[in-house]
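Trainee: Got a predicted structure here, sequence first:
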Amino acid sequence: MMREPYAVPRPGLPERVTVYEVGPRDGLQNEAAIVPVEVKAELIGRLARAGLTTIEATSLVHPKWVPQLADAEQLLGVMPRQDGVRYPVLVPNERGLDRALALGVTDIAIFGSATETFAQRNLNRSVAGSMEMFAPVVARARQEGMRVRGYLSMCYGDPWEGPTPIERTVAVGRDLLDLGCDELSLGDTIGVATPGHVAALLDAFAARDVGPGRLAVHFHDTYGQALANTLAALQRGITVVDAATGGLGGCPFAESATGNLATEDLVWMLHGLGVQTGVDLAALVETGAWMAARLGRPSPSRVVQALSGK
């Protein structure tokens with residue numbers, strides 16, 4: 001059995017891509033059964049040892065909204081940390097930022113919506129109202145020397161509103177960047193994007209003076225398009241790609257959102273394209289299989305299935 005793909009570089013692709021691992025937060029947040037904090041901590045440690053340099057650890061959201069992440073403080077206190085690895089934490093508002101500062105967090109993320117319906121369902125306020133909420137969070141975080149990422153959800157389509165107009169996604173994304181976010185992650189929350197749509201959206205951002213160096217992509221594999229969409233983004237110069245080990249995840253506030261792009265599948269494709277990631281694929285696959293066993297079900301990652309014999 002081949003344990004690594006045969007590398008055939010393609011012209012016009014980045015030499016190196018940063019895999020932004022979201023499994024411990026975005027991947028686990030929708031699990032019905034509470035995952036023990038010890039398992040979460042070991043997952044984070046395994047991912048770091050596999051070579052991932054950005055691992056989103058948890059969210060400082062109110063436990064009522066995401067019970068799975070109610071152990072955030074405990075996790076941040078016990079999880080192993082490795083030099084050179086960033087451990088971002090999602091914060092919903094200024095209260096979340098206060099908690100992050102008290103816990104010594106250095107990297108945070110905020111989570112906005114390109115559509116009004118999802119903004120109301122997820123944040124209980126309008127898109128404009130969410131920007132007003134985020135503004136002091138980003139300003140204070142920057143003053144404290146934190147790195148701030150902005151997530152933008154429903155960038156391609158919304159289950160209640162249908163396709164999201166490209167110009168709307170760009171406008172709201174620009175607003176998040178203008179608040180002071182270092183990076184904007186463009187989320188295909190319900191997995192409806194296709195490669196041409198991805199290319200058109202990135203071209204529209206470029207036309208508004210937002211180049212690929214300030215953007216990341218976050219694809220869900222609901223319709224089997226995540227890897228194709230990632231390749232389209234790489235061809236437009238994107239060098240940061242979000243993924244979740246084992247293809248974990250979804251969104252508790254959007255029922256049609258299924259699993260994230262599996263980190264293992266992404267790394268297999270990148271290595272096959274000759275793109276460097278710094279990730280040990282064998283260690284990553286072992287981690288994905290280990291986590292699937294902890295959850296009591298097979299991993300949806302095709303690479304984990306192939307290389308672990310399941």
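Mentor: Arrived safely, thanks for sending. Residues are numbered from 1 along each chain as shown.
Trainee: which intervals of the stretch 151-300 of the chain have sub-threshold pLDDT?
Mentor: Low-confidence regions of the stretch 151-300 of the chain, defined here as pLDDT under 70, cover residues 250-258.
Trainee: ok, and for stretch 95-115, which residues are buried?
Mentor: Of the residues in stretch 95-115, 96-97, 99-101, 105, 107-115 count as buried by neighbour count, 16 or more other C-beta atoms under 10 Å. Any C-beta I mention is one placed from the backbone N, CA and C, and that applies to glycine too.
Trainee: hey, where'd the strands end up in the stretch 1-150 of the chain?
Mentor: Counting by DSSP state E, counting those that start in this stretch, the segments of the stretch 1-150 of the chain that form strands are 18-21, 54-55, 58-59, 89-90, 107-113, 147-153.
Trainee: Of all those strands, which one is nearest residue 3?
Mentor: Closest to residue 3 of these is strand 18-21 (C-beta to C-beta; 18.6 Å).
Trainee: re earlier: need the max-distance pair from the buried residues of stretch 95-115.
Mentor: 101 and 115 (30.6 Å).
Trainee: so of the strands of the stretch 1-150 of the chain, which one's packed in deepest?
Mentor: Highest mean neighbour count among these (mean count of other C-beta atoms under 10 Å): strand 58-59, with a mean of 26.
Trainee: Parallel or antiparallel, list what pairs with that strand.
Mentor: The pairing partners recorded for strand 58-59 under DSSP bridges are strand 89-90 (parallel).
Trainee: chain center to the strand it pairs with, what's the gap?
Mentor: 11 Å (C-alpha atoms, centre = their mean, to the nearest Å).
Trainee: wait, residue 266 sits on residue 227?
Mentor: Yes - at 7.1 Å, residue 266 counts as touching residue 227 under the criterion of C-beta atoms under 8 Å.
Trainee: Give me the more crowded residue out of these two.
Mentor: residue 266 (27 against 19; other C-beta atoms under 10 Å).
Trainee: SS state for that one?
Mentor: Put simply, residue 266 is helix when judged by DSSP: H, G, I helix; E, B strand; the rest coil.
Trainee: Identify the residue nearest it in space, chain neighbours excluded?
Mentor: Nearest-residue entry for residue 266: residue 243, 4.6 Å, with adjacent residues in sequence omitted and distances by C-beta to C-beta, 6 or more residues apart in numbering.
Trainee: so how far is residue 117 from that neighbour?
Mentor: Residue 243 sits 27 Å away from residue 117, going by C-beta to C-beta, to the nearest Å.
Trainee: Show me what the residue nearest to residue 266 bridges to in the sheet.
Mentor: Counting by DSSP bridges, the residues bridging with residue 243 are residue 21.
Trainee: wait, what's in contact with it?
Mentor: 19, 20, 21, 22, 23, 260, 261, 262, 263, 265, 266 (C-beta atoms under 8 Å, 6 or more residues apart in numbering).
Trainee: now do 7 Å
Mentor: Shown in contact with residue 243 (C-beta atoms under 7 Å, 6 or more residues apart in numbering): 19, 21, 22, 260, 261, 262, 263, 266.
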